[in-house]
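1. Sequence first, then the predicted structure:
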Amino acid sequence: MGTFSVIYDLFAKRLRLSNPWNYKAPVLVAVTYLILAWQKFAFLDALFAFGWSLCTIIGIAGFGYLSNDLGDRKADAKAGKSNLLIGLSSIQISGLLLLFLGLAIVPWLVYFPVTTLTGILLVLEFLLFVLYVLPPFRLKERGLLGVITDSLYAHANPALLASLTFLALSKAENATMPVFVPALVAWQFFLGLRNILLHQLKDAKNDRISGIRTFVTQYGELRVNHLLSQVFVPFELLTWLLFLGALTPVTWLPLLGWPLYLLWQFPKQGPHRELRQWLYGYLDDFYIPYFPLLVLISLCFQDWRMIFLAVFHVILFKSALSETKRRVFAWIRKPL
């Protein structure tokens with residue numbers, strides 16, 4: 001299998017990178033939109049910053065997923081799970097890792113300013129990947145430590161890195177930023193904890209077959225579901241509300257939009273859904289498509305040309321409006 005075929009298989013067939021692209025990248029780029037609006041970036045500067053941020057997002061996501069596949073090759077083969085790296089040579093694996101590492105780092109070499117703190121956070125991101133999946137550390141199988149590590153590299157650290165980088169790029173200071181950044185990181189941290197636990201709950205059967213000792217396989221589904229509903233989800237909601245409050249100096253739209261979304265969603269979801277579906281319906285389905293678009297609307301109010309950025313966002317993240325389109329057409333066709 002040639003290198004080009006491997007890359008095509010990675011993006012077009014197995015679509016492992018569709019997970020971070022569809023479910024993590026939209027929220028992360030929304031953070032950059034907020035800084036663009038907050039610091040009133042010029043239109044061309046905003047486009048360049050957005051383009052380079054996409055490059056590093058793709059690189060970091062690709063490196064992270066490939067690292068995870070590398071660490072799980074034997075276990076995935078045992079469980080019969082899909083793993084792109086099974087059967088590839090060491091040279092092919094190294095080439096793919098270097099490709100995504102290059103995509104992640106190049107923007108910092110040619111465009112983004114590197115401060116001491118952002119440099120540490122960038123190095124930390126790749127260090128966490130290694131510590132999480134590769135022996136002798138393999139924090140993935142160290143119970144709660146593995147859950148925390150996943151949340152850090154998949155959510156909290158990228159959000160902090162993006163916000164501090166764009167603030168450094170703006171070369172401006174804002175008195176409300178000390179409120180915004182901690183609220184953002186706290187929300188992303190608890191969202192990350194919730195996401196990795198849901199993922200481990202879903203994969204618990206395969207993980208037991210593979211012999212992977214995750215937090216869920218060690219403590220059991222019932223205890224983890226209780227921990228989710230009683231601890232992590234309430235903290236996610238609390239930090240989400242704090243984050244929405246921290247946005248009010250630049251935009252009220254997300255703070256107003258979420259309650260309206262809940263009212264719109266309630267007839268479909270109802271109050272008595274299974275926890276996973278409740279979280280997807282009332283939180284994720286707002287975080288991913290609508291939160292970035294509301295921030296983009298605020299950005300367009302500052303400079304009408306930012307509508308081109310909004311159009312580009314919708315093209316890149318097509319799922320952003322798919323559910324809305326479906327519901328609007330269903331409402332139009334509904335008999336009176």
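-> Looks like it came in fine.
2. For L96, which non-adjacent residue is spatially closest?
-> L66 (5.7 Å; CB to CB, 6 or more residues apart in numbering). Yep, even glycine has a C-beta here, placed from its N, CA and C like the rest.
3. Flag every buried residue along the helix or strand harbouring that neighbour.
-> With elements taken from DSSP states H and E, the one containing L66 is helix 43-71. Within helix 43-71, the residues that qualify as buried are 43, 46-47, 49-50, 52-71, counting by 16 or more other CB atoms under 10 Å.
4. Pull the distance from it to the chain's centre.
-> Taking CA atoms, centre = their mean, to the nearest Å, the mean C-alpha location of helix 43-71 is offset from the chain mean by 11 Å.
5. Same check on stretch 278-296?
-> Worked out by CA atoms, centre = their mean, stretch 278-296 lies 12 Å from the chain centre.
6. now the end-to-end length of that stretch.
-> 26 Å (CA to CA, to the nearest Å).
7. give me phi/psi at the closest residue in space to R194 that isn't next to it in sequence?
-> Excluding the flanking residues, the one nearest R194 by CB to CB, 6+ apart is F232, at 5.1 Å. F232 has phi and psi values of phi -70, psi -40 when expressed as degrees, to the nearest 10.
8. Thought L198 was touching F232, still the case?
-> No: with contact defined as CB atoms under 8 Å, F232 does not count as touching L198 (10.0 Å).
9. These two: which has the busier surroundings?
-> The neighbour count for F232 versus L198, taken as other CB atoms under 10 Å, is higher for F232 (22 against 19).
10. C-terminal to the lowest-mean-pLDDT helix or strand in the chain, what's the next element?
-> Sorting the helices and strands of the chain by mean pLDDT, DSSP states H and E puts helix 3-8 at the bottom, at a mean of 50. As assigned by DSSP H and E, the chain's next helix or strand after helix 3-8 is helix 18-23.
11. buried ones in that next one?
-> Neighbour-count burial for helix 18-23, counted by 16+ other CB under 10 Å, picks out P20, W21, N22.
12. Please tell me how far I315 sits from I35.
-> Going from I315 to I35 by CB to CB, to the nearest Å gives 22 Å.
13. ok, the two, which is more surrounded?
-> Neighbours per residue (other CB under 10 Å) separate I315 from I35, with I35 holding more: 25 against 9.
14. in which helix or strand would I find the more buried one?
-> helix 25-38.
15. Just the C-alpha atoms of that helix, please, in PDB.
-> The C-alpha coordinates for helix 25-38 follow below in PDB (Å, rounded to 0.1, in the frame of the first residue of the first chain):
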ATOM      1  CA  ALA A  25     -12.800  21.400  15.500                       C
ATOM      2  CA  PRO A  26     -16.000  23.500  15.200                       C
ATOM      3  CA  VAL A  27     -15.900  24.400  18.900                       C
ATOM      4  CA  LEU A  28     -12.200  25.000  18.800                       C
ATOM      5  CA  VAL A  29     -12.500  27.400  15.800                       C
ATOM      6  CA  ALA A  30     -15.300  29.100  17.600                       C
ATOM      7  CA  VAL A  31     -12.800  30.100  20.300                       C
ATOM      8  CA  THR A  32     -10.700  31.700  17.600                       C
ATOM      9  CA  TYR A  33     -13.700  33.500  16.200                       C
ATOM     10  CA  LEU A  34     -14.300  34.900  19.700                       C
ATOM     11  CA  ILE A  35     -10.800  36.400  19.900                       C
ATOM     12  CA  LEU A  36     -11.200  37.800  16.400                       C
ATOM     13  CA  ALA A  37     -14.300  39.600  17.500                       C
ATOM     14  CA  TRP A  38     -13.000  40.600  20.900                       C
END
